[in-house]
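*Asks:* my questions concern the predicted model and sequence given below.
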Amino acid sequence: MRPHLEALLAPRGAQTIAGAPGVGRFRSTVAAGQMLRSGDAIGELDVLNQRVQIRLPQLAGVMRAVELPWDRGWAPVAWATPLVVLQPAALEASPAALAEATPRIDGLGAAACAFTASIDGQFYRRATPDAPPFVSEGDVLRPGQVVGLIEVMKFFYEVHFELAGFDTGARVVRLGAGDAQAVESGDVLLYVEPL
């Protein structure tokens, strides 16, 4: 599998900005008006002559590229530099087109979305073995809320709930990763639905 990083997402009104996940030179592979969904590539980042694909993390539905700050040539970028501005395709697409483009999650409603790991490591659902889990099925999540920890080389990183399109929060409908489970970037930690 080709090495990749996930773009950083930041809301801007009804739009979402996909930003650079690091410093380097970026080349876009997206065209204005292109329909995009979770996991789609938006370009390449060259960091010290090592190229990695930049993909979209979990999105709430299908999005359309409405603004491209970069042309298709290589350009220097800093961390969080806007790479593409996205707008929900639901504002303009037919329900049939959206249903076809949005993958369904077995046994869950059409609005369910996966919240995924952004780094590789060991995922923990609780702070200590005897502590209660950070989240359980049925819990309501607010943006920025801690949903778990990922251990990478004895360092623990808090995993905060941030998902484009869920600015008012979400409800946990299914757990994806177990406690003390090894995960890779893009692996599902939990499934959520909008409130």
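*Replies:* Now that the structure is in, tell me what you want to look at.

*Asks:* quick one: low-confidence parts of the chain?
*Replies:* Scanning the chain for pLDDT under 70 picks out 1-2, 60, 70-72, 90-106, 164-165.

*Asks:* quick one, helices of it?
*Replies:* 95-101 (DSSP state H).

*Asks:* domain parsing for it?
*Replies:* 4-101, 113-194 (automatic domain parsing).

*Asks:* isn't V135 up against L141?
*Replies:* Yes. V135 sits in contact with L141 when judged by CB atoms under 8 Å, with a separation of 6.6 Å. The way it works is simple: take the backbone N, C-alpha and C, and place the C-beta from them, glycine included.

*Asks:* report the set of residues contacting both of those two.
*Replies:* Common neighbours of V135 and L141, counting by CB atoms under 8 Å, 6 or more residues apart in numbering, are V147, V172.

*Asks:* got the end-to-end distance for stretch 153-167?
*Replies:* 32 Å (CA to CA, to the nearest Å).

*Asks:* what does that stretch rub up against?
*Replies:* Contacts of stretch 153-167 (CB under 8 Å, 6+ apart): 9, 11, 16, 57-61, 63, 86, 88, 113, 115, 117-119, 121, 123-124, 141-151, 170, 189, 192, 194.

*Asks:* can you select the buried ones from these in PyMOL?
*Replies:* Buried members of the contacts of stretch 153-167, defined by 16 or more other CB atoms under 10 Å, are picked up in PyMOL with:
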select buried, resi 9+16+57+58+59+60+61+63+86+88+113+115+117+118+121+123+124+141+145+147+148+149+150+170+189+192+194
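
*Asks:* can you flag which of the contacts of stretch 153-167 belong to strands?
*Replies:* 9, 11, 16, 63, 86, 88, 113, 115, 121, 123-124, 141, 146-151, 170, 189, 192, 194 (DSSP state E).
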